[in-house]
Each structure stands twice: as C-alpha cells, then as structure tokens.
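Undergrad: Just the structure for this:
(2 chains)
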Amino acid sequence: MEGMEMADREAFDSYVRERWDPLLRTAALLTGDVAAAEDLVQESLVRAARHWHRVDPGAVDSYVRRVMYTRSIDAWRWRRHQPDPVDPIRYERAGVDDTDDVTTRLTLVDALSRLTPRQRAVLVARFYEDRTEVDTASVLGCSVSTVKSQTRHALERLRVLAPELATTFGREEAPR
Amino acid sequence: MTPSTEELTRLLTGAADDIVEGHHGLGPDAPALWGRGRRATWAARGAAVGVVAAVVAAIGLAVWPTGAPRTSDPAVMVDVDGTTRLTAYPDVIAKAPNVLTTTTPGVTAAVVPGEGPDQVYAVSPAGVVSRVPLPREESQFGAGPALSPDGRWVAHGPALSNLVTGATVPPAPARAQLERTWGSPEGPAWWSPDSRRIFVGTVNEGQPRFGGVVIGTDGSTTEVPVIVDGIAPIFAGWLDDTTLLALLDLGPGSTRLELRTWTFGDTAWTDRGTVISWSPKDTLTTRASLSPDGSRLLLVSSDDTQETQSIAGTNAMMFDPRTGAQLGMPAGDGSLTPSQWGKGTAVTWKGWGCRSAWRGGLPVITDGSIRGFVDTDPTGLVDGKTTTELVAVSPGYGEACVAFAGNELRGTPVTNHLAVWQERLWTWGWPLLGVGLVVLALWGWNRRHKNLWRRPLGHLPPIIAKPF
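TA: Just a heads-up that it's a prediction; the model follows:
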C-alpha cells in the first residue's frame, strides 16, 4: 500500500515537472493573467493528486486539462482575476519590441478576454492545442455540435472585437 | 487546418508566450501540491464518514428502546395519603417508532390500543409515547384498555398490568376462569376513583344473566349481584370509591331510566328512587358516564338511521345523578355553570364508539380527536356548538379510542415537541432522506460514468449484418 502511494507520488512529481510549462501557457490563454493561470494549474494539479489512483495513467494529461477547462469556465471563481478588458497595460512587457506582430498579439489577447469563458476555452482547445472537434468536445465535456456552434460564435465575436484581425480568422474553418 | 486558422494558432502561441515570459514565479512545488491533494482526499473521506455516523446516530437515537421516566416525572404528584395524582396530561399524542419498550413505562396519562390485543401505546403525562407489551390473553375479554386514575394500572381483558412495576394480576388461572365465566363486555371497564379496583359489566355466560365482576389490584375478584333478572342495565361507573351506579332502562325510549347503586360488599343493588327522563325516541344503544367526582352524569345515545338501522352519530345530555334533573349541555359561551346552558340543549356529533372523557367537570369527545365542548374557538363545530381541539392525536393510530387516566384530562396540558418532530422525522423525514440519497447516488454514478475519457476505450462488438 505504501509502495503504491510512493509510486503514485513519484509519477505525479514527474508529471508536474514535465507538463508544468505547457499547462501554464494554456491556462494563461484561458485566464489572460499569469498569476491566475498559476492558480488554475495548481488547483487542477491538486485535484489530479486527489484522484491520482483512479485516473488512467495514459489519460492524466487529458484529465488535468479537462479540470483546467472546467474550472476556467466556472467564471465566478476566476472573475476576480479577470483582467480589465480595456486595460492593455498588463500585456506590455519590458524589452518587447513594438512591432506589428506584437501589436497583433496584444489585440488578439484583448479580444480573447472579452469572450465568454466557454468561447475562450473552445478557441484555445481548437486552435492553440490543435484538437479536433471530437477531441475538444471530449475535453470540454460537451457535444460536438456545441463545439461547432461555440467556435463559430467565438470567431464571429472576434471579428467584431478586432476587425483589424478579421482576415486572420475571417474565413470559415473547415471541420476535421 | 486552413491557412487562416494556422495564423490564429501562431498568434495564440505567441500570445501565450507573451503572457508567461518574463514571469519569475517560484515554479511548481509538486510535493506541496501532492500533499494538498491527499489532505483534501482525507478531508472528503472524513466528511463522508461523519455524515454516515451522524445519520446512524440519529437513527439509533430515534429507534433505541428507552423507557419513560417513572415516579420522578414532574407531572405526577403524590398526596400525603399516598395516592398518586396526575397534574398534567399531554396535549399531543404523537405516533412513536414501532419499537417495543424494554422497561415499564411508569406513570401513564393515556393509553392507545396497539395493533394487536397484547400491546398498547402508553403516553406519559409529558407526552412520551412507548409501545408496551401486555400479557397475551386467549380471548377478547374486554373492549379496549382502561387506565386507572393514578396512571399506574392498565386493564385489558381480565388482566390488570402495573405500568410501574410490571406486575400482572390476577394470576393466570384466575384470569382463565374469568374468561370462561364472563362474556365480552360492550364497553371499557370502570376504575374506582382510588384506583384499587375495576368493574367490568357484562354477561355471566354460565347463568346466563347480566351482571359484572370487580377485580381488585390485589388480585381478588368479586361478583356483582344482578340488578333485575332479564333486564340489561346501563352501567355508569363509580359514584365514589366503593359505590357503583347503574341505570335500568324501563322505556319507552329513554323516558324512564331508574338509578340503582351498589356498594362494594353488599348483596343487592339499592333503588335510589331517582328517575331520569330524556328522549322518547327508541335508540339502538344508550351509554352512561359519571364525571370523576360523581356529580354529573352524561348520557349518550346513538343517532340511528331508521332506514338502515345504522348509527350515524351520537346525541349527548348531562343529568344530575342525585336528583335526575336534566342539566343540558354546555353551549359555546365558555360557561361551566349549568344554569347558563340552554335548557334541553343536546349535542350531536358524528362519531360513535369511544367513551367520552372529562375535563374540569365537562365531557370531552374522544371520537377521532379529543375535543372539548366549551370554547369560543370558531373551528370544529359540533352541531352548531363551538369546540376546540384539546389533545391532538396522531392519525397514525387510525380510529383508535384514547383512554385517559381515570377517564379524565387532569391538570395542565403539556406539549412534547420532541415527540412531534420525531414523528415527522419518521413520517416523511427518513423517506425524503432516502430519496435524496438515491438521487445523490444516481447523480454521482452519472457524473462518474459520463467521464468515459478516464478509462481506456473498450472495443465495440462487431456489427454482424443480417445474411439475408
């Protein structure tokens, strides 16, 4: 029993070391704030630690991401960490060149922060993590049709919020 | 992926880098995260164990057989002559959990017949209800239990059971002899005011003739002489500790009811020369009941339906047992004085079968619920007279007749809120909890099985097409 506990703990340690950065980046897009992202990842990992013995070792990453997406959609928990959508200061970083690409990314992050948590989660899962619609539906715990409609609505909303980027996501995305 | 979404992916990747880069957090502390997770797991398990323990404890407290307090009950007073007097009665008789008590219930203010003839529900002056086993008798001698005025003895059939000591008299052979000799009486027996003896009026099946027997709490039995051979008397109870009162119905209707008395030890009944005259209407049944102090006599007659010869209700009237004068019945003005009542005012109610009790010198209806005649509460009309509920009896007892100690509501009413809430808990609390737990279990099962990604996908069975 103690041996199993030790093995689980070592596996957890290994997973955290290996996957912390990717999880933090995904969480950063979901929350728009690095401190809130750290909180989100840590809470997801604590939940994973609670149920580690029940989680299929091959699906740990899916489990943690599922928790992360679900928590980010529970907007009330993260609302206090949500950035002010009209305050671009927190995206400015020292030493970053004010190039067109950086401006575009700032505009995108600003527009992302104005989406609903579920729309943001769908976009991150679909286009940042490059998941299929079926995979996204599985991770978010919803139907494929919901993923399709949320994606469509999110892109339409982005076109309104950031018209200068309309060409970036202006065309219909082909289903996969 | 189309070119546009590839561009979106590139921008999102860059944006994530923008947010994270430059941040110099402490980084992941895997041991701390693991420790928090394990602590949360144990806390959840502890909470679940605590909830289960609380439910088990609540069930245990509710069903654990406990006896009611005995002589220490504050609702009981012992006079200097050693006589026990009740100073309170319950104004709520809740239905107790269906568990037999393992101890004697102690001084009791009321009893309610149980599901079988060998058990009663004993209600203490404070409203504590316990199911009491009684000695099993072979026949149905007796018509419902009768409780002694001191609340210590319950008569059921030929047996007198002491609710304080657990003793039963007379001995089993004497009880068997009583059952063989006497038929089943029509109504409950009459306790003497001093709680030393009880009179059962019935038919001596060996003779056969109408009579009765007095059973003492010392185990003795005394046969009461016949009043007039061939005429069924109407027994009314005890005028005092040693004198019984009976009425001879010499008709027509109930226009000539002669009063006779018998003193314990006498060889014959005495004609008091008093005649009560009430209604000329013939009725199927007429019963009588003396007030505990013997100053008032209540007559109740069945309100018969001529077509079907069935009993539709009860008519009642009070008389003075010394003079035979008709007192009337209390009206809804709260008056206790007969001179204030309307002359000839009778009262009718729909119930029939339960013996009326007494409270403060006035009769109380015990059919269905315990109601008094005198009150200004506009609810619960009885034949136009206002009544109020004196004792709330749980519907869980059905239509059982409640027998009060000495047939009287004596002292002040006491509410046992614990018993009320306990009954509510048993009636709908536990079923609701059960349904809630089932719903919770289904929700948990659904939640667990919805997350199919936790388990590796199994192979689906092959689809075999129909060959034709």
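Undergrad: and the residue of the stretch 1-150 of chain B found nearest chain A, which of the three is it?
TA: Chain A sits closest to residue B:37 of the stretch 1-150 of chain B, with a gap of 2.5 Å, by Cβ to the nearest Cβ. (C-beta placed from N, C-alpha, C; glycine too.) Put simply, residue B:37 is helix when judged by DSSP: H, G, I helix; E, B strand; the rest coil.
Undergrad: okay, now it: neighbour count?
TA: 19 (other Cβ atoms under 10 Å in any protein chain shown).
Undergrad: same check, this time on residue B:406
TA: 25.
Undergrad: and it, that one's in a strand?
TA: No - looking at residue B:406 with three-state DSSP, it is helix, so not inside a strand.
Undergrad: Check it and give its pLDDT.
TA: Here, the pLDDT recorded for residue B:406 equals 92.
Undergrad: Could you do residue B:194 as well?
TA: pLDDT, read off for residue B:194, is 90.
Undergrad: next one: residue B:331
TA: 61.
Undergrad: quick one, phi/psi of residue B:126?
TA: phi -90, psi 0 (degrees, to the nearest 10).
Undergrad: all helices of chain B, in order?
TA: B:3-20, B:30-63, B:172-181, B:417-424, B:430-450 (DSSP state H).
Undergrad: Can you give me the distance of the residue of the stretch 1-150 of chain B closest to chain A to residue B:413?
TA: 58 Å (Cβ to Cβ, to the nearest Å).
Undergrad: for residue B:188, same thing?
TA: Relative to residue B:413, and taking Cβ to Cβ, residue B:188 is found at 23 Å.
Undergrad: So between those two, which is more surrounded?
TA: residue B:188 (21 against 15).
Undergrad: residues in contact with the closest residue to that one other than its chain neighbours?
TA: Once flanking residues are discounted, residue B:188 sits nearest to residue B:146: 4.3 Å by Cβ to Cβ, 6 or more residues apart in numbering or on different chains. Residues in contact with residue B:146 (Cβ atoms under 8 Å, 6 or more residues apart in numbering or on different chains) are B:154, B:155, B:156, B:188, B:189, B:190, B:191, B:198, B:403, B:407.
Undergrad: My read is that the third one contacts residue B:136, right?
TA: No - under the contact definition of Cβ atoms under 8 Å, residue B:156 does not touch residue B:136, with a separation of 10.3 Å.
Undergrad: Give the residues shared as contacts by these two.
TA: residue B:117.
Undergrad: so where is chain A shaky, pLDDT-wise?
TA: A:1-2, A:74-99, A:168-176 (pLDDT under 70).
Undergrad: hey, where'd the helices end up in it?
TA: Using DSSP H, helices in chain A cover A:2-31, A:34-50, A:60-73, A:75-78, A:100-113, A:117-123, A:133-140, A:144-161.
Undergrad: orientation of the third one relative to helix A:34-50 in degrees?
TA: Using axes from the mean of the first three to the mean of the last three Cα atoms, to 10 degrees, the interaxial angle of helix A:60-73 with respect to helix A:34-50 works out to 130 degrees.
Undergrad: rewinding a little: could you work out the most separated pair of the contacts of residue B:146?
TA: Maximum pairwise distance in these, criterion Cβ to Cβ, is 15.4 Å, between B:156 and B:407.
Undergrad: if we can go back for a sec, specify which member of the contacts of residue B:146 is nearest to residue B:356.
TA: Closest to residue B:356, out of all of the contacts of residue B:146 and judged by Cβ to Cβ, is residue B:407, at 8.1 Å.
Undergrad: Once you drop chain neighbours, what's closest to the closest one?
TA: residue B:357 (5.3 Å).
Undergrad: Beta-bridge partners for the one you found, please?
TA: Here residue B:357 sits in beta bridges with residue B:364, going by DSSP bridges.
Undergrad: do residue B:248 as well
TA: With DSSP bridges as the rule, residue B:248 is bridged to residue B:258.
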